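Chemist: I'd like to go over a predicted model; first the sequence, then the structure.
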Amino acid sequence: MKTIWLLDLNHTLAISADARRPMGDRLADETYRQWLVELLKPERVILITARPAKWAAATMMRIKRVTNWQPEAFYFNDLGMPPHKIKPSLLEREIFPRFGADPAQYFGLESNPMTRAAYA
């Protein structure tokens, strides 16, 4: 069974900018860790983020344009919950039904300590 990587966006893939700026402005010049993209290109990757779902299309287009890469799947915050609550919710509602519920097949690359604890 090949590992599925649960990739966090902010502070993990994205080098996050000043959170006080409007999201549209931040997204316009958001940068990504290309070394991480190169490492993950041959892997099964699911991008899972607390970023509001209304920014999904623009974010995914930016990632593709800047890195020339896309994850296998992506899930954004559709319920307005904090990261450590939305990510387990997305796992249960979306990811496990689609990719399987065996926790041993997943590895989280996550910047938020509360989300890491929730994954554990």
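Modeler: Received the coordinates, thanks.
Chemist: all strands for the protein, in order.
Modeler: 4-7, 14-15, 31-32, 44-52, 73-77, 106-109 (DSSP state E).
Chemist: show me what the fifth one is packed up against.
Modeler: With contacts defined as 3 or more C-beta pairs under 8 Å, 6 or more residues apart in numbering; DSSP states H and E, strand 73-77 has these neighbours: strand 44-52, helix 56-67. In this view, the C-beta of every residue, glycine as well, is placed from N, C-alpha and C.
Chemist: just these: most buried one?
Modeler: For these, the largest average neighbour count (mean count of other C-beta atoms under 10 Å) is found in strand 44-52, namely a mean of 21.
Chemist: on the pLDDT front, check the nearest residue to Y106 once chain neighbours are set aside for me.
Modeler: Spatially, and ignoring its direct neighbours in sequence, Y106 is nearest to I4 (5.2 Å; C-beta to C-beta, 6 or more residues apart in numbering). If you check I4, the pLDDT there is 98.
Chemist: now P22
Modeler: pLDDT for P22: 86.
Chemist: neighbours of it, just the number please.
Modeler: 8 (other C-beta atoms under 10 Å).
Chemist: and for the one 4 residues further on?
Modeler: In terms of burial, R26 registers 17 neighbours under the definition other C-beta under 10 Å.
Chemist: can you pull the buried residues of the helix or strand of the chain with the lowest mean pLDDT?
Modeler: The helix or strand of the chain with the poorest confidence is helix 23-28; it has a mean of 87 (mean pLDDT, DSSP states H and E). Applying a neighbour-count criterion of 16 or more other C-beta atoms under 10 Å, one finds 26-27 buried in helix 23-28.
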